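Undergrad: Next come a sequence and a model predicted from it.
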Amino acid sequence: METVNEELLRTGSRSDLTIKCEGRTFKVHKLIVSTRSPVLARASSNGFLESHTNVIEHVQYDADTVERMIEYIYTVNYGLPTAPTIRVLNYVPGGNGATANDLAIIGVNAKLIIHARLYAIANYYDIAGLRDLAFRRFKQDIQAHNPEGFIYVIREINELVSKDETRLHGIIHDLCFRNIDTFANDGSFMTALASSPGLQDFTVGLLREVAQKKEGQKRGLERELERKDAEIRRIKEHRDDKATHTRDVLKTLMGVVTPGRRECSKDTGDAMQDHSDADSRPILILRQPPPVNPIMANVYTQSLLNEIAELWRTGEGSDMTIKCEGCEFKVHRLLVSAASPILKAACHNGMRESQTGVVEHKTFDADTVERMLEFIYTRDYEVPWRPTVATGAIRTPELNSDAEEVLVTSTSAWWIAHTRMYAIGDYYQLPTLKDQALVRLQNAAVDPFELHDFANVLKEAYKLIGKHETDFHHMIQTFCRENVIVLTLEKTFMAALAEAPEMQELTASLLGQVTRELEEEGLYSRALEASQKGDLNIARSNAEMAQQRIEREREDHAKVTAALRSQVDHCQAVIKGLMDNVGRLPLRCPNIRCSSTNKAPWKLQRQAHADYGEGTGFVEIQCGRCGHKLSK
């Protein structure tokens, strides 16, 4: 049954307020809309223009969103078509930046955009109930999102919903982070992330979390490796301790080297033999001759270069002037034309510069121009280790100054100076200058660097050097990727990365690369875990086999020991019988004084053995009268 509010909405009967949007008119009632929205209540009754004309012109949102908002005001709900379609702007990257054209979004992603727009308009008109309803329905529908085209949902939320509304931003951020492997492998998603305005801050946040995950995964992998290595060492030590203990016991019982000891000795010998063989193999040592400096190889060439360098220092015979930032550089047309096709064209092709002999340079700073000319004359250029470089300021929350430029004095200034040398080498078509600048930057990449002001390095690089310079950009991206964990922990750097439009593409590229590395490390981690698990099982199996072998050896030696003791007991009994028989033999005492025709009584005594103790040595025979000992 239709309620009163639904009937008033459908018929517009007795409406006293009109809301216009995109050529459509919505008849509403002040009393009803004022109870839902404090903003509409003030607009219709507090002396504003709308309170006199009873017409509200709405331009912030589309007409469909306004209609659904009004539907909620009257019915506390809003409807969606079965197969909604939403038109959005599609940004296509091009040579002169991104161009926009219309694109139709359908299905679940269209529903999500509708919910996001209603959430935003609820914030605009302060309709708390609509905001909560849109959030609940967005949270429910996002479970069935379509990765294809989801970038436009992200863009709508970033454009329409304030960053303070962490609920909605948190949902899409968590979803993208959980499915980053899928999104990073989607070329259209990453392209849109790099080219769509307004997504830079979102990309930076995602990059920060992926880098933290990479660091956490790295530490977890290291801990897991340490744990498993410790487990394998413990098993091996336990096995070795048991083997050593058993061998010591057997040695005590037998007084001989056990077969197990001989096995160890054999293994050790083999190992020593292998080592000896390895040591005896000849080692081939390749000694490269020291690099020969082509300048020093020929005295005459060196002399000529010195003379050309002297022309640069003195300016003698110059016939052309290059002006930049109030500085004048006296040069020679013949030399600069031979080095640079661009300067050659300016000198000889009937241009104004060829007639006036003056080139006005406004693209680069005077220091960079001077170093470029120095390179043309000397094939080298000098940059102080701690130069001072002025560059455009990056507007971040940490930067309170209104200055258009900032002075960079850290090692980042050194990076900027060489980056500008690469850029001016590209500008004037000086490939050898570009090569030298790139080599110096590559050398700097392996040295310690300072995080402070490093964002300015990236801004300069992406502002001055075109995408066609793939070697340069590959070097920059590789450096950032290898240091991504350190860089993402620097708040100033991340804030600058989010604010500088020049670095949006770099941020998206880093996100993709780090995600792929994370995926590869995950695969490696799982493979390594499986390998470690296999090694652990092998170690345990070897320990069990060794334990079984030791037990068998112990049983065998116990049997041998028992048999030996039985034989020893038998021998002792035989010896005792022999001793009794020897005592009854009719022997004469060899002592002349004791010797007589009478038979002498004999005493037999078993002496102690040096190794085996009392009663185990030779038998000593003594005369019972004189104590004379017979020979052994």
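TA: The structure has been received and is ready for your questions. Numbers count the residues shown, from 1 in each chain.
Undergrad: where exactly do the strands run in this structure?
TA: Using DSSP state E, the strands of the chain run over 17-21, 24-28, 55-57, 85-94, 97-106, 320-324, 327-331, 358-360, 389-392, 405-408, 602-606, 619-623.
Undergrad: Quick one: those strands as CSV, columns for mean pLDDT and distance to S340 too.
TA: For the C-beta atoms, the positions are set from N, CA and C on the backbone; glycine is no exception. Listed next are the strands of the chain as CSV, based on pLDDT from 0 to 100; distance: least, C-beta to C-beta, whole Å:
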stretch, mean pLDDT, distance to S340
strand 17-21, 87, 59
strand 24-28, 88, 62
strand 55-57, 84, 59
strand 85-94, 66, 29
strand 97-106, 64, 29
strand 320-324, 90, 11
strand 327-331, 90, 11
strand 358-360, 88, 11
strand 389-392, 84, 24
strand 405-408, 82, 28
strand 602-606, 70, 112
strand 619-623, 75, 113
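Undergrad: Look up how far E353 lies from D569.
TA: Distance, D569 to E353, by C-beta to C-beta, to the nearest Å: 120 Å.
Undergrad: quick one: which of those two has more around it?
TA: Neighbour count, other C-beta atoms under 10 Å: between D569 and E353, E353 has more, with 20 against 10.
Undergrad: nearest residue to the more buried one other than its sequence neighbours?
TA: Counting by C-beta to C-beta, 6 or more residues apart in numbering, A346 is the residue found nearest to E353 once chain neighbours are left out, at 4.4 Å.
Undergrad: picking that back up, can you say which of the strands of the chain is nearest to F375?
TA: Taking C-beta to C-beta, strand 327-331 is the member of the strands of the chain nearest to F375, at 12.3 Å.
Undergrad: picking that back up, pLDDT wise, what is the residue nearest to E353 at?
TA: If you check A346, the pLDDT there is 81.
Undergrad: In contact with it, which residues are there?
TA: A346 sits next to E353, S354, V359 when contact means C-beta atoms under 8 Å, 6 or more residues apart in numbering.
Undergrad: and the protein, what are its domains?
TA: For the chain, the structural domains run 1-211, 510-584, 586-631, going by the TED database.
Undergrad: From Y427, how far off is I376?
TA: Noted for I376: a distance of 13 Å to Y427, by C-beta to C-beta.
Undergrad: So which of those two has more stuff around it?
TA: Neighbours around I376 and Y427, counted as other C-beta under 10 Å, are more numerous at I376. The numbers are 23 against 18.
Undergrad: Can you name the residues that contact the more buried one?
TA: V331, L335, V336, A339, S340, L430.
Undergrad: if we can go back for a sec, now the strands of the chain as TSV including mean neighbour count and distance to K559?
TA: Shown next, in TSV, are those (neighbours: other C-beta atoms under 10 Å; distance: least, C-beta to C-beta, whole Å):
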stretch	mean neighbour count	distance to K559
strand 17-21	19	102
strand 24-28	17	104
strand 55-57	15	106
strand 85-94	16	85
strand 97-106	13	85
strand 320-324	19	100
strand 327-331	17	101
strand 358-360	15	104
strand 389-392	19	88
strand 405-408	15	85
strand 602-606	15	28
strand 619-623	16	30
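Undergrad: what's the closest of those strands to G149?
TA: The closest of the strands of the chain to G149 is strand 97-106. By C-beta to C-beta, the value is 5.6 Å.
Undergrad: which residues does E620 contact?
TA: Contacts of E620 by C-beta under 8 Å, 6+ apart are L604, Q605, R606, Q607, K629.
Undergrad: How about K323?
TA: By C-beta under 8 Å, 6+ apart, the neighbours of K323 are F329, V358, V359, E360, H361.
Undergrad: ok, 10 Å please
TA: Taking C-beta atoms under 10 Å, 6 or more residues apart in numbering, we find K323 in contact with F329, V358, V359, E360, H361, K362, A366, V369.
Undergrad: same deal with L536?
TA: Neighbour list for L536: K228, D229, E231, I232, I235 [criterion: C-beta under 10 Å, 6+ apart].
Undergrad: Now, of the residues you listed, which are buried?
TA: The neighbour count (16 or more other C-beta atoms under 10 Å) marks K228, I232, I235 as buried among these.
Undergrad: Which pLDDT value goes with the residue lying closest to S412 once chain neighbours are set aside?
TA: Nearest non-adjacent residue to S412, counting by C-beta to C-beta, 6+ apart: D453, 4.0 Å away. We have a pLDDT of 78 for D453.
Undergrad: count of neighbours near R167?
TA: Number of residues near R167 (other C-beta under 10 Å) recorded here: 13.
Undergrad: which residues sit in contact with it?
TA: Listed by C-beta under 10 Å, 6+ apart, the contact set of R167 reads Y119, R131, D132, F135, F138, K139, V161.
Undergrad: now G466
TA: G466 is in contact with G95, A423, D426, F472, H473, counting by C-beta under 10 Å, 6+ apart.
Undergrad: re the thing from before, buried deepest among the domains of the chain, which one?
TA: Among those, domain 1-211 has the highest mean neighbour count (mean count of other C-beta atoms under 10 Å), at a mean of 17.
Undergrad: mind listing what D126 touches?
TA: D126 neighbours (C-beta under 10 Å, 6+ apart): R36, S37, P38, V39, L40, A41, R42.
Undergrad: scratch that, G79
TA: Contact analysis of G79 by C-beta under 10 Å, 6+ apart lists R68, E71, Y72.
Undergrad: residue ranges with poor pLDDT in the stretch 101-250 of the chain?
TA: For the stretch 101-250 of the chain, applying pLDDT under 70 flags the ranges 101, 181, 185-187, 192-201, 203-209, 211-218, 238-243, 245-250.
Undergrad: for it, what spans make up the helices?
TA: 108-125, 128-141, 150-160, 166-178, 180-184, 187-195, 200-254 (DSSP state H, counting those that start in this stretch).
Undergrad: With the stretch 451-600 of the chain instead?
TA: Counting by DSSP H, counting those that start in this stretch, the stretch 451-600 of the chain has helices at residues 454-464, 470-482, 484-488, 491-499, 504-583.
Undergrad: Then the stretch 301-450 of the chain?
TA: Counting by DSSP H, counting those that start in this stretch, the helices of the stretch 301-450 of the chain are 333-339, 341-348, 352-356, 366-378, 411-427, 431-445.
Undergrad: so which of those helices is the most packed in?
TA: For those, average neighbour numbers computed from mean count of other C-beta under 10 Å are highest in helix 411-427, which has a mean of 23.
Undergrad: Helix 454-464 and that one, what's the angle between them?
TA: Angle between the axes of helix 411-427 and helix 454-464 is 10 degrees (criterion: axes from the mean of the first three to the mean of the last three C-alpha atoms, to 10 degrees).
Undergrad: Pull helix 411-427 out as CSV, backbone CA atoms only.
TA: C-alpha atoms of helix 411-427 as CSV (Å, rounded to 0.1, in the frame of the first residue of the first chain):
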residue,chain,number,x,y,z
THR,A,411,73.4,14.9,-2.2
SER,A,412,70.1,15.2,-4.0
ALA,A,413,71.4,18.5,-5.5
TRP,A,414,74.2,16.4,-7.0
TRP,A,415,71.6,14.1,-8.6
ILE,A,416,69.7,17.1,-9.9
ALA,A,417,72.8,18.6,-11.5
HIS,A,418,73.6,15.4,-13.4
THR,A,419,70.0,14.9,-14.3
ARG,A,420,70.0,18.4,-15.9
MET,A,421,73.2,17.6,-17.7
TYR,A,422,71.5,14.5,-19.2
ALA,A,423,68.5,16.6,-20.1
ILE,A,424,70.5,19.3,-21.8
GLY,A,425,72.5,16.7,-23.6
ASP,A,426,69.2,15.4,-25.0
TYR,A,427,68.1,18.9,-25.8
